[in-house]
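Colleague: only geometry, no sequence info:
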């Protein structure tokens with residue numbers, strides 16, 4: 001990063017050590033990545049925002065440099081981690097979440113965490129009853145693969161059967177240079193699956209009580225399911241705004257300059 005980045009470690013309620021990077025100066029903004037992500041994947045966006053904000057990125061539990069003391073993972077564990085990060089950020093902050101990180105951010109807002117403004121990009125809820133949904137039993141299969149240490153199998157199952165990547169696409173990813181990075185994150189994939197619960201249609205109960213400015217964003221070229229999940233947030237959260245980014249899809253974090261102006265305006 002061109003700005004100086006400071007790396008710190010904080011301890012969550014259950015003793016899990018969470019590693020945080022901080023860059024920039026100004027009002028606090030926390031960035032949260034989704035499945036197969038760690039703090040490195042949102043670092044480009046942090047750099048884009050650092051001239052205006054103090055930006056906090058962190059490795060969610062079970063990935064990157066963070067630990068994982070989960071006994072039997074529950075969403076509340078990661079909501080607690082986010083609360084710890086917000087505490088380190090000064091007690092409150094604005095938050096941006098991408099994919100399952102967007103759902104985590106919404107869970108935090110739902111549970112009353114001190115979030116000032118919340119922007120979410122393509123939360124992968126199942127929100128369209130006319131679209132196919134994965135079978136609930138896939139969650140147990142995913143957990144079993146992780147427990148057996150089969151990271152390749154877990155990553156393939158998640159991509160193919162939960163995300164919907166075609167078999168040929170998964171094969172291409174396996175032969176590419178990024179596969180080792182993806183497989184490294186496989187132990188945390190059940191957490192993303194539980195957050196999204198794609199086998200269940202989104203219930204409005206998951207978004208009740210969110211009383212803060214919310215911006216829901218999706219890319220014009222994204223999948224119908226991700227667009228539907230984003231639109232559902234905008235429809236169910238009172239006062240939420242909806243933004244469609246031209247020519248973009250779910251991989252927008254690879255082009256952080258696209259998101260930075262939107263977030264700077266919204267968080268500013």
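Modeller: That came in fine, so what should we check first? These numbers were taken from a predicted model, which means no experiment stands behind them. Residues are numbered from 1 along each chain as shown.
Colleague: now do the helices in the stretch 151-268 of the chain.
Modeller: 151-157, 167-174, 179-184, 189-196, 224-236, 256-267 (DSSP state H, counting those that start in this stretch).
Colleague: closest one to residue 87 among those?
Modeller: helix 256-267 (19.1 Å; CB to CB). For every residue, glycine as well, the C-beta is placed using N, CA and C.
Colleague: hang on, the earlier thing: which of the helices of the stretch 151-268 of the chain sits most buried?
Modeller: Greatest average neighbour count among the helices of the stretch 151-268 of the chain goes to helix 189-196 (a mean of 24), per mean count of other CB atoms under 10 Å.
Colleague: pLDDT on that one, on average?
Modeller: Average pLDDT, helix 189-196: 96.
Colleague: and the contacts of it?
Modeller: 34-36, 60-62, 73-75, 78, 99-100, 103-104, 107, 123-126, 138-139, 142-143, 146, 154-155, 158, 162 (CB atoms under 8 Å, 6 or more residues apart in numbering).
Colleague: narrow the residues you listed to those in helices?
Modeller: 75, 78, 100, 103-104, 107, 138-139, 142-143, 146, 154-155 (DSSP state H).
Colleague: from the contacts of helix 189-196, list the buried ones, please.
Modeller: Buried members of those, counted by 16 or more other CB atoms under 10 Å: 34-36, 60-62, 73, 75, 78, 99-100, 103-104, 107, 123-126, 138-139, 142-143, 146, 154-155, 158, 162.
Colleague: remind me which residues of the protein are low pLDDT?
Modeller: In the predicted model of the chain, residues 1-2 satisfy pLDDT under 70.
Colleague: name the SS class of residue 112, please.
Modeller: Assigned state for residue 112: coil (three-state reduction, DSSP: H, G, I helix; E, B strand; the rest coil).
Colleague: for it, give me phi and psi.
Modeller: Here is the backbone geometry of residue 112 (degrees, to the nearest 10): phi 80, psi 20.
Colleague: coming back round to it: now the helices of the stretch 151-268 of the chain in JSON lines, with distance to residue 83?
Modeller: Converted to JSON lines, the helices of the stretch 151-268 of the chain look like this (distance: least, CB to CB, whole Å):
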{"stretch": "helix 151-157", "distance to residue 83": "28"}
{"stretch": "helix 167-174", "distance to residue 83": "34"}
{"stretch": "helix 179-184", "distance to residue 83": "26"}
{"stretch": "helix 189-196", "distance to residue 83": "16"}
{"stretch": "helix 224-236", "distance to residue 83": "21"}
{"stretch": "helix 256-267", "distance to residue 83": "19"}
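Colleague: looking at those helices, which is nearest to residue 52?
Modeller: Comparing the helices of the stretch 151-268 of the chain by their distance to residue 52 (CB to CB), the top pick is helix 256-267, with 5.6 Å.
Colleague: packing partners for that closest one?
Modeller: strand 27-32, helix 43-49, strand 93-98, strand 115-121, strand 214-219, strand 241-245 (3 or more CB pairs under 8 Å, 6 or more residues apart in numbering; DSSP states H and E).
Colleague: so which residue is dead centre in the protein?
Modeller: Note on the chain: the residue nearest the mean C-alpha position is residue 101, at 1.5 Å, using CA atoms, centre = their mean.
Colleague: not counting its neighbours along the chain, what's nearest that residue?
Modeller: Closest residue to residue 101 apart from its sequence neighbours, by CB to CB, 6 or more residues apart in numbering: residue 32 at 3.5 Å.
Colleague: now the one you found: how far from residue 62?
Modeller: In this view, residue 32 and residue 62 are 14 Å apart by CB to CB, to the nearest Å.
Colleague: one more: residue 259?
Modeller: Using CB to CB, residue 259 is found at 25 Å from residue 62.
Colleague: do the same with residue 93
Modeller: 22 Å.
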